[in-house]
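Undergrad: what follows is a predicted structure for the sequence shown.
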Amino acid sequence: MPIAFNHTIVAAHDKRESAEFVSELFGLANPVPFGRFLAVALEHGATLDYMDVADGEQIHPQHYAFLVSEDDFDAIYGKIESRGLQHWADPGGQRPGQINTNDGGRGVYFRDPAGHYLEILTRPYGSGG
């Protein structure tokens, strides 16, 4: 049997706010309740399962990268800019307000409401260009 990624749990202070942020920004279906989680469906059946952390519990930011089409990049990046969301061309945040052109594609980093690092890119790393 081939091995495929199925889901990951994403910690949030407000699971609804974080799940809706990603689903709306990316043009995905609305989050669906699944037990104590709110699930955001991605391609190939994978989901981001948002879960509230206990009051006062610290969230350790994670990095989530999404491979998107050129058209999706334009749409998502347009929303990032129109909403005035901070964003960077690099993971270290040294190039604010810019995108990168790594491997002949485009990419950008930004944060979600829980502080996780999100990245959209149009070409996989190491694909050349």
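TA: Structure's in. What do you need?
Undergrad: and the strands in this structure, which stretches?
TA: Taking DSSP state E, the strands of the chain run over residues 7-12, 32-34, 37-41, 47-52, 63-67, 87-88, 107-111, 117-121.
Undergrad: out of these, nearest to Glu81?
TA: The closest of the strands of the chain to Glu81 is strand 87-88. By Cβ to Cβ, the value is 8.0 Å. Quick note: C-beta positions are derived from backbone N, CA and C, even for glycine.
Undergrad: show the average pLDDT along that closest one.
TA: When pLDDT is averaged over strand 87-88, the result is 98.
Undergrad: which other residues reach that strand?
TA: Identification of contacts with strand 87-88 by Cβ atoms under 8 Å, 6 or more residues apart in numbering yields 80, 94-99, 108-110.
Undergrad: make a ChimeraX selection of the buried ones in the residues you listed.
TA: Listed next is the ChimeraX selection for buried residues among these, using 16 or more other Cβ atoms under 10 Å:
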select :80,99,108,109,110
